[in-house]
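Asks: pasted the sequence and its predicted model underneath.
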Amino acid sequence: MKQTILIVDDEKNTRDGLRAVLEERFDVSLAADEAGALALMEADPPDLVLTDLKIGADNGMDLMKKILKRSDPPICIMMTAYGSVDTAVEAMKQGAYDFVTKPVNIDRLEMLIRRALRERTMQAENLELRQEVRKTRTPDRMIGRSPVMERVFETIRQVAPSKATVLIQGESGTGKEVAAQAIHALSNRAEKPFVAVHCASLSPQLLESELFGHEKGAFTGAGERRIGRFEQAAGGTLFLDEIGEIDPTVQVKILRVLGEKSFERVGGNQTLNSEVRLIAATNKDLAAMVSDGTFREDLFFRLNVVPLMMPPLRSHPEDIPLLTSAFLKEMAKEHDKPERLFTRDAIAALETHAWPGNIRELRAAVEHAVVLGNGSELKLGDLPSSLHVLAGSASGENEMNLARIEAATIHKALEECAGNRTMAAKKLGISRRTLHRHLSQFGITKS
């Protein structure tokens, strides 16, 4: 589908000449005055307006101001005679994208138009992604619209209001702690503390002290009383990450807290009550550990009241654009960089990578590109070498296969929706405008 240009000039020869050189690449419409231009704007809004500064008795600056007040204004480029360059510069201050002088240098004009329309397309696509991110975001920054992530969100929404213990399982980097934060944020404990403990980083003695606290003199180096994480999380949520790594002696004490809702500090005699919601996470197969005797069966059942499996990123690659868009914005702000978009070959590399490190690896890759990329766009070479080396070795046949899969998916959606493009776009999770662009790209004419 060609992008559209409206040319506004009171000189017929200029209008016809510009149309002759531009109509091969663009859909071009013509207007000789302000009234005609505004009428065409209402009937079929263009992507770009190329207007003379002087349009007979009308003023191109006034026309541009009226055009730019529209809710979705087109790009405006001003044409002017050499003697009016100062006025053209003023037009840019008022919102014009750029200007060209008469007689028009066609090569420069075409370059200017292509650049302007490319930026407009990228901005529109970025806006679509931003809107999708907002629609699919849960209170704790979780992002996704794929069926597998919708099931995760539904489980979180159902379990959050309860007091049930949750066991979150999944590969490293799939967002287990983020899921725990979501459960807390959607619970009636949201105003209370969320306390996280990463069990694998502590020895058994230190972990016991970390969880339950200790009294002064309880062991060498215990110079004063320490309040443990169970006390710090009172009324809120305690998240135990990598719980499959904890020592059997600590397993017993956690089991007692879950059963009796009480504990003592290390080296102390006072029994303390525990009113916390416990969420645990692991990247290990706890059921297998129970079978081989390395994890207590009774503790496993206490923890696994509500199981939640976080899927690996390779199982829902359709969420990669949304995640990437969110990370781009986050990293640009964090590193004081301008918000930029990835080029198409960089996006292809992101969407086809296996992501063994899951969402954490994707986030790191985006951060790498944002920090090291210097251009107006983030290119394939700005990504970590593991991505662009693999992408560079991919064959054109693989790219064609991906295109065929995308085309088949769109065709199937249209068939299931009886040719209704609005319904098909909704089913595919994209805007109608994006669907039209894909239909044109793949040559699909089914209506």
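Replies: Here it is on my side, so go on. Numbers count the residues shown, from 1 in each chain.
Asks: okay, now Glu351: neighbour count?
Replies: Per other C-beta atoms under 10 Å, the neighbour tally for Glu351 reads 13. For the C-beta atoms, the positions are set from N, CA and C on the backbone; glycine is no exception.
Asks: so it is in which element?
Replies: helix 344-352 (DSSP states H and E).
Asks: which SSE is immediately downstream of that helix?
Replies: Counting by DSSP H and E, the next helix or strand C-terminal to helix 344-352 is helix 358-372.
Asks: chain center to stretch 112-119: distance?
Replies: Per C-alpha atoms, centre = their mean, to the nearest Å, the displacement of stretch 112-119 from the mean C-alpha position of its chain is 25 Å.
Asks: ok, residues contacting it?
Replies: With contacts defined as C-beta atoms under 8 Å, 6 or more residues apart in numbering, stretch 112-119 is touched by Gln3, Ile5, Leu22, Phe26, Asp47, Leu48, Leu50, Ile75, Ile77, Tyr97, Asp98, Val100.
Asks: quick check: mean pLDDT of it?
Replies: In this model, stretch 112-119 has an average pLDDT of 87.
Asks: mind listing what's buried along that stretch?
Replies: Buried residues in stretch 112-119, counted by 16 or more other C-beta atoms under 10 Å: Leu112, Ile113, Ala116, Leu117.
Asks: how about stretch 354-361?
Replies: Counting neighbours by 16+ other C-beta under 10 Å, one finds that the buried residues in stretch 354-361 are Trp355, Gly357, Asn358, Ile359, Glu361.
Asks: just give the nearest non-adjacent residue to Glu231, would you?
Replies: Nearest non-adjacent residue to Glu231, counting by C-beta to C-beta, 6 or more residues apart in numbering: Gly213, 6.1 Å away.
Asks: just to check, that neighbour is in contact with Gly267?
Replies: No: using C-beta atoms under 8 Å, Gly213 is not in contact with Gly267, being 9.4 Å away.
Asks: who has more neighbours, the two?
Replies: Taking neighbours as other C-beta under 10 Å, Gly213 and Gly267 compare with Gly213 leading, 23 against 15.
Asks: tell me the pLDDT of the more buried one.
Replies: 90.
Asks: how about the one 3 residues further on?
Replies: Per-residue confidence (pLDDT) for Lys216: 86.
Asks: what distance do you get for it to Ser262?
Replies: Distance, Lys216 to Ser262, by C-beta to C-beta, to the nearest Å: 21 Å.
Asks: same check on Arg70?
Replies: With the distance defined as C-beta to C-beta, Arg70 ends up 67 Å from Ser262.
Asks: please apply the same query to Leu303.
Replies: Per C-beta to C-beta, Leu303 is found 18 Å from Ser262.
Asks: quick one: which of those two has more around it?
Replies: More neighbours surround Leu303 than the other of Leu303 and Ser262, with 26 against 12 (other C-beta under 10 Å).
Asks: from what I can see that one touches Ile168, true?
Replies: No: counting by C-beta under 8 Å, Leu303 does not reach Ile168; the two are 9.9 Å apart.
Asks: spit out the residues that contact these two alike.
Replies: Overlap of the contact sets of Leu303 and Ile168 (by C-beta under 8 Å, 6+ apart) consists of Ala280.
Asks: bridging residues for Thr282?
Replies: On the basis of DSSP bridges, Thr282 is bridged to Gln169.
Asks: now for the closest residue in space to Val366 that isn't next to it in sequence, how many residues are close by?
Replies: Distances taken as C-beta to C-beta, 6+ apart put Phe327 closest to Val366, at 4.0 Å, once the chain neighbours are dropped. By other C-beta under 10 Å, 21 other residues sit near Phe327.
Asks: contacting residues around Phe327?
Replies: Neighbour list for Phe327: Leu362, Arg363, Val366, Glu367 [criterion: C-beta under 8 Å, 6+ apart].
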